[in-house]
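S.K.: Dropping the sequence and predicted coords here.
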Amino acid sequence: MPVLTTAQAIVRFLEQQYIEWDGEEIPFVDGMFTIFGHGNVLGLGQALSEAKRLRVYQGKNEQGMGHAAISYAKQNNRKRIIACTSSVGPGSANMVTAASVATVNNIPLLLFPGDIFASRQPDPVLQQVEQPHDLTLSTNDAFRPVSKFWDRITRPEQLMTSLIHAMRVLTNPAETGAVTVSVPQDVQGEAYDFPESFFQKRVHRVSRKVPDERSVKEAAALIRSKKRPFIICGGGVRYSEAGESLKKMAEAWNVPIAETQAGKSAVESTHEWNVGGLGVTGNLAANTLAPKADVIIAVGTRLADFTTSSKQLFRDENVEFISINVSEFHGVKMDASPLIGDAEAVIEALVNETGNYTSEFKKETEEAKAAWAKEKERLYSVRYTEEGFTPEIAGHLDEELQEYRKVLGTDLAQTTALGIVNREIDEDAVAVGAAGSLPGDMQRLWESSRKYRYNMEYGYSCMGYEISGAFGAKLAEPDKEVYAMVGDGSFLMLHSEMITSVQENKKINVMLFDNSGYGCINNLQMGNGMQSIGTEFRHRDEAKDEMCGSVMHIDYAKVAEGYGLKTYRVTTEEGLKEAIADAKKQTVSTLIDVKVLPKTMTGDYESWWHVGVSEVSERESVRESFEDKEKQLQDARKY
């Protein structure tokens with residue numbers, strides 16, 4: 001039996017893990033992101049220095065490297081992962097947000113945060129959080145509520161059962177998410193006679209779970225009794241690689257397909273039955289058709305509030321739900337009839353059982369798509385003139401617009417700029433996003449003519465994922481151009497992995513849309529009767545002691561230039577086209593600083609979002625917003 005330290009055993013075990021998908025064997029763990037500190041450098045760090053296969057990546061922020069690992073797994077459709085390790089205390093705490101992102105989105109993320117001494121000698125160690133009521137607690141206990149599996153290794157021999165369970169969760173499509181194996185720094189260096197069998201090649205077979213026959217028959221009967229079925233394409237379609245089967249179902253039945261953020265690009269945007277994004281960030285076509293549907297076929301989706309427009313979007317009095325999902329937990333949401341199983345396996349069984357069924361939704365779908373195509377071209381062609389915007393935009397503008405035009409030096413509308421980016425980049429390029437107003441604009445407007453070209457983290461909508469995620473996507477697809485679609489607010493939150501992309505010679509392109517503030521949240525507060533507070537990037541007015549002074553101008557291109565990126569400053573349509581064309585020629589990462597006017601994003605298109613509105617206020621507009629919320633709730637489903 002080999003005598004190894006706990007850390008050496010971790011590395012050796014990970015190098016022998018494989019996944020089998022549709023008969024293909026794939027190495028599951030490709031490497032490890034790390035920021036070394038006293039809690040892991042002499043344990044896992046020493047073990048990684050002797051690794052045979054795992055590649056070590058040097059992160060710059062623990063949250064950022066976690067996001068990169070998540071994006072890597074997402075772009076590989078959960079078939080390959082990169083693990084992460086951090087030091088104790090603040091290092092591990094920084095990864096808690098990344099763990100949340102992974103768990104909410106059901107993306108496998110394997111974390112090895114360093115921990116305090118199991119021996120409690122020394123006590124307390126540097127960066128240790130002490131709780132007088134429970135001496136076993138450490139920072140790493142914060143991972144418990146955001147992990148799908150959590151363990152703390154206090155003896156080397158505990159590692160064997162722990163890592164086997166870790167792999168069980170990571171490779172289970174219904175349960176995957178963050179897996180946290182906390183390793184005290186003294187235990188990392190402890191030696192043990194591990195059995196050789198623990199390090200044998202292990203193949204984790206991901207089988208396509210087949211639904212039970214009775215449930216399929218009942219679902220098929222329900223569909224045949226309806227006239228206007230409506231399909232929701234969720235992330236489960238992508239991870240099952242069931243896009244082709246879903247298209248065949250839509251074509252056979254004449255049924256529209258609407259997309260969630262996670263499901264977008266599982267079916268090409270150009271497909272005749274794809275009506276695009278649904279719900280709060282959805283478009284006119286999908287949100288016009290959904291209320292008319294009499295049966296909703298939800299495939300691989302959690303049916304979160306943005307997808308369902310806070311349970312209000314589906315308004316037919318006789319509407320019923322069928323949920324195809326590998327997870328029983330998600331499968332029963334909205335009181336749906338669950339079809340538990342792999343998306344592709346369930347779709348094929350359902351199509352076979354339904355026979356020659358055809359819906360009565362074809363004409364309405366064609367009309368809705370035509371209306372949206374016209375509206376989309378309008379949004380792509382917004383121009384500012386001295387008389388205002390032509391054509392008129394949905395957002396509201398105030399007398400401060402001229403100040404923004406002067407400070408930012410631009411007349412570019414966000415929707416116009418986004419359309420240029422979408423049309424000018426390569427068809428097989430990968431777009432990465434997460435937070436702000438851009439995800440709404442992208443779910444509505446972005447067209448992916450190739451599969452899996454859209455990498456949006458929207459389950460947690462975590463500011464700061466965009467650039468780290470772009471780096472992770474580039475690691476997954478090094479031969480493709482990758483674009484981080486990021487607002488100025490998210491850029492300021494976290495952009496450290498730009499440096500890692502330069503360090504690793506993995507070119508990413510950062511498309512930074514600067515409207516000098518948290519634009520989408522400014523819209524939210526003002527759209528609910530509030531005044532603007534704390535959402536615009538303005539200097540503090542010392543006389544008023546409020547953040548209502550002049551608009552800030554930040555040269556983001558200069559920031560990125562200092563990091564070693566090729567940079568561009570853009571304020572015109574032609575300038576944006578030229579920058580994109582030149583960026584394609586570069587071999588180093590690029591940043592295009594695009595100045596756009598605020599309030600030039602897309603509208604809500606027949607959707608409603610249930611948010612907390614103050615019941616009491618001095619402002620009449622806030623009180624009116626609360627009353628409107630109460631009226632909207634009357635139409636929302638209760639479960």
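M.R.: Okay, I see it.
S.K.: C-alpha only now, for contacts and for neighbours.
M.R.: Will do.
S.K.: Outline the domain layout of this structure.
M.R.: As given by automatic domain parsing, the domain ranges for the chain are 3-205, 213-366, 381-595, 614-639.
S.K.: so which of those domains gets nearest Trp372?
M.R.: Trp372 sits nearest to domain 213-366 of all those, at 5.5 Å, using C-alpha to C-alpha.
S.K.: Assign Ile592 to helix, strand or coil.
M.R.: Three-state call for Ile592 (DSSP: H, G, I helix; E, B strand; the rest coil): strand.
S.K.: What spatial separation is found between it and Gly282?
M.R.: From Ile592 across to Gly282, the span is 27 Å (C-alpha to C-alpha, to the nearest Å).
S.K.: Give me the more crowded residue out of these two.
M.R.: Comparing Ile592 with Gly282 by other C-alpha atoms under 10 Å, the one with more neighbours is Gly282, at 33 against 23.
S.K.: Checking the closest residue to that one other than its chain neighbours next. Helix, strand or coil?
M.R.: The shortest distance from Gly282 to any non-neighbouring residue, by C-alpha to C-alpha, 6 or more residues apart in numbering, is to Arg444 (5.6 Å). Assigned by three-state DSSP, the conformation of Arg444 is helix.
S.K.: Same question for Tyr57.
M.R.: Applying three-state DSSP: Tyr57 is strand.
S.K.: Can you name the residues that contact the nearest residue to Arg155 once chain neighbours are set aside?
M.R.: Distances taken as C-alpha to C-alpha, 6+ apart put Val187 closest to Arg155, at 6.5 Å, once the chain neighbours are dropped. Counting by C-alpha atoms under 8 Å, 6 or more residues apart in numbering, Val187 touches Thr6, Phe117, Ala118, Ile153, Thr154, Arg155, Pro156.
S.K.: Relative to Lys333, how far out is the first one?
M.R.: Using C-alpha to C-alpha, Thr6 is found at 42 Å from Lys333.
S.K.: which one of the two has more residues nearby?
M.R.: For Thr6 versus Lys333, the count of surrounding residues by other C-alpha under 10 Å is larger for Thr6: 28 against 18.
S.K.: that older thread, least reliable of the domains of the chain by average pLDDT, please.
M.R.: If these are sorted by mean pLDDT, domain 614-639 sits at the bottom with a mean of 87.
S.K.: That domain: how far from the chain's middle?
M.R.: 29 Å (C-alpha atoms, centre = their mean, to the nearest Å).
S.K.: May I see the buried residues of it?
M.R.: Ser621, Val622, Arg623, Glu624, Ser625, Phe626, Lys629, Ala636 (16 or more other C-alpha atoms under 10 Å).
S.K.: which two in those are spaced the farthest apart?
M.R.: So, the buried residues of domain 614-639 by C-alpha to C-alpha: farthest apart are Ser621 and Ala636, at 22.9 Å.
S.K.: Strands along the stretch 351-500 of the chain, start to end?
M.R.: Per DSSP state E, counting those that start in this stretch, the stretch 351-500 of the chain carries strands over the ranges 383-385, 388-390, 430-433, 454-456, 482-487.
S.K.: helices or strands up against the first one?
M.R.: It refers to strand 383-385. If contacts are counted by 3 or more C-alpha pairs under 8 Å, 6 or more residues apart in numbering; DSSP states H and E, strand 383-385 sits against strand 388-390.
S.K.: what's the strand it packs on in contact with?
M.R.: Identification of contacts with strand 388-390 by C-alpha under 8 Å, 6+ apart yields Val382, Arg383, Tyr384.
S.K.: Any chance of those in CSV with distance to Arg144 and neighbour count as columns?
M.R.: Converted to CSV, the contacts of strand 388-390 look like this (distance: C-alpha to C-alpha, whole Å; neighbours: other C-alpha atoms under 10 Å):
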residue, distance to Arg144, neighbour count
Val382, 48, 21
Arg383, 50, 18
Tyr384, 51, 16
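S.K.: ok, back up a step: buried ones in the helix or strand harbouring the residue nearest to Arg155, by neighbour count?
M.R.: Taking DSSP states H and E as the criterion, the element that holds Val187 is helix 185-189. Buried residues in helix 185-189, counting neighbours by 16+ other C-alpha under 10 Å, are found at Gln185, Asp186, Val187, Gln188, Gly189.
S.K.: Same question for stretch 248-265.
M.R.: Buried-residue list, stretch 248-265, by 16+ other C-alpha under 10 Å: 249-250, 253-265.
S.K.: now swap in stretch 3-20 and tell me
M.R.: 4-20.
S.K.: Which ones among those map onto helices?
M.R.: Thr6, Ala7, Gln8, Ala9, Ile10, Val11, Arg12, Phe13, Leu14 (DSSP state H).
S.K.: Make a markdown table out of the contacts of strand 388-390 and add distance to Glu573.
M.R.: Below are these laid out as a markdown table (distance: C-alpha to C-alpha, whole Å):
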| residue | distance to Glu573 |
| --- | --- |
| Val382 | 11 |
| Arg383 | 10 |
| Tyr384 | 12 |
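S.K.: Nearest to Asn509, out of those: which one, please.
M.R.: Nearest to Asn509 among the contacts of strand 388-390: Val382, at 24.7 Å, using C-alpha to C-alpha.
S.K.: ok, back up a step: Throw the domains of the chain into a markdown table and include distance to Trp608, thanks.
M.R.: Below are these laid out as a markdown table (distance: least, C-alpha to C-alpha, whole Å):
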| stretch | distance to Trp608 |
| --- | --- |
| domain 3-205 | 22 |
| domain 213-366 | 5 |
| domain 381-595 | 12 |
| domain 614-639 | 8 |
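S.K.: could you list every residue that touches the residue nearest to the spatial centre of the chain?
M.R.: Geometric centre of the chain, nearest residue: Glu457, 0.7 Å, by C-alpha atoms, centre = their mean. Contacts for Glu457 (C-alpha under 8 Å, 6+ apart) come out as Val101, Asn105, Gln261, Ala262, Val432, Gly433, Ala434, Ala435, Tyr465.
S.K.: JSON lines please, covering these and showing distance to Gly64.
M.R.: Output for the contacts of Glu457, formatted as JSON lines (distance: C-alpha to C-alpha, whole Å):
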{"residue": "Val101", "distance to Gly64": "11"}
{"residue": "Asn105", "distance to Gly64": "16"}
{"residue": "Gln261", "distance to Gly64": "21"}
{"residue": "Ala262", "distance to Gly64": "20"}
{"residue": "Val432", "distance to Gly64": "14"}
{"residue": "Gly433", "distance to Gly64": "14"}
{"residue": "Ala434", "distance to Gly64": "13"}
{"residue": "Ala435", "distance to Gly64": "15"}
{"residue": "Tyr465", "distance to Gly64": "7"}
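S.K.: quick check, nearest of those to Val56?
M.R.: Nearest to Val56 among the contacts of Glu457: Tyr465, at 20.6 Å, using C-alpha to C-alpha.
S.K.: Hmm, the closest one is touching Gly66, no?
M.R.: No - under the criterion of C-alpha atoms under 8 Å, Tyr465 is not in contact with Gly66, lying 9.1 Å apart.
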